[in-house]
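[1] My questions concern the predicted model and sequence given below.
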Amino acid sequence: MLGAAGAALAGLFGTVLGFAVPLAVVGGLNGFVSGWRRIYRWRSPSGWLAFVLDSTWALATTAAALVGHTIAAAQRSPYLSALSARRDRHVYASGLRLRRGFLATIGNVINGAGAGTAATRRIVDEHEHVHVWQARWFGPLFPLLYGGWLLAGALAGTLAGLTRRRRLGATVDAWSYYRNPFEWWAYSREGRWPPPRAAAAVWRRPLVRARAAHRAPPAPR
């Protein structure tokens, strides 16, 4: 049922853009997988909003999330239901990795949560969950803005490292990743700004206040 609803919403949205059929397929697949995994919180307005955004404005990142599902399935990665059910997201133990030692969030899919320890759960709830909603709010602009900062930051970091005779790798990392506004936002919400690895290379003031209440609520029994 949710697959049909997702396909219908995505198809209507795609009609305006002239891509009704491919977008309907994306919306239908997301609806099917998400309904099967029971991720949306239907008792909360945020759950309805998450589904609508995933099926319309954020279809670009939802499509990318399907790639995350596929990679996790190919790796036979365990699906962490305790971190996913009624939390408006999918969480896998492994799957797609973009950077060693870091979790990777694409659309509504979070990869690399390992065994789901208390420490990892906190990162998922307070950092990666922010990225899930960033993708929803910014939709097709999110990968452009995030990727654009990575490229521009890498260039700025390279110039800064060469001209100021600093460690090139660390300087590029600080400019392209840690100073990325989307990461600044997520680390601040997590209450871990400035990050220990880059404390000396970024600004001290957090972008937003850390809130323990931002953690996703426990899944209903």
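    Received the coordinates, thanks.
[2] shaky segments in this structure?
    165-166, 211-221 (pLDDT under 70).
[3] which residues of it fall in helices?
    According to DSSP state H, the chain carries its helices in the segments 2-17, 20-37, 45-54, 59-74, 118-123, 129-138, 141-163, 168-173, 181-190.
[4] Export those helices as TSV, with columns for distance to residue 200.
    (Glycine included, C-beta is placed from N, CA and C.) Formatted as TSV, those follow (distance: least, CB to CB, whole Å):
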stretch	distance to residue 200
helix 2-17	45
helix 20-37	41
helix 45-54	37
helix 59-74	33
helix 118-123	22
helix 129-138	24
helix 141-163	13
helix 168-173	9
helix 181-190	15
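[5] out of those helices, nearest to residue 82?
    Residue 82 lies closest, by CB to CB, to one member of these: helix 118-123, at 8.5 Å.
[6] rewinding a little: in CSV: the helices of the chain, plus mean neighbour count and distance to residue 210.
    Compiled in CSV, the helices of the chain are given as follows (neighbours: other CB atoms under 10 Å; distance: least, CB to CB, whole Å):
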stretch, mean neighbour count, distance to residue 210
helix 2-17, 18, 33
helix 20-37, 20, 29
helix 45-54, 18, 19
helix 59-74, 20, 25
helix 118-123, 14, 11
helix 129-138, 22, 11
helix 141-163, 15, 21
helix 168-173, 16, 23
helix 181-190, 20, 6
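[7] between these, which one is nearest to residue 197?
    helix 168-173 (8.0 Å).
[8] Quick check: which of the helices of the chain is nearest to residue 85?
    helix 20-37 (6.9 Å).
[9] Just name whatever secondary elements that closest one is in contact with.
    With contacts defined as 3 or more CB pairs under 8 Å, 6 or more residues apart in numbering; DSSP states H and E, helix 20-37 has these neighbours: helix 2-17, helix 45-54, helix 59-74, strand 90-91.
[10] could you give the angle of that helix to helix 2-17?
    Angle of helix 20-37 versus helix 2-17, following axes from the mean of the first three to the mean of the last three CA atoms, to 10 degrees, is 150 degrees.
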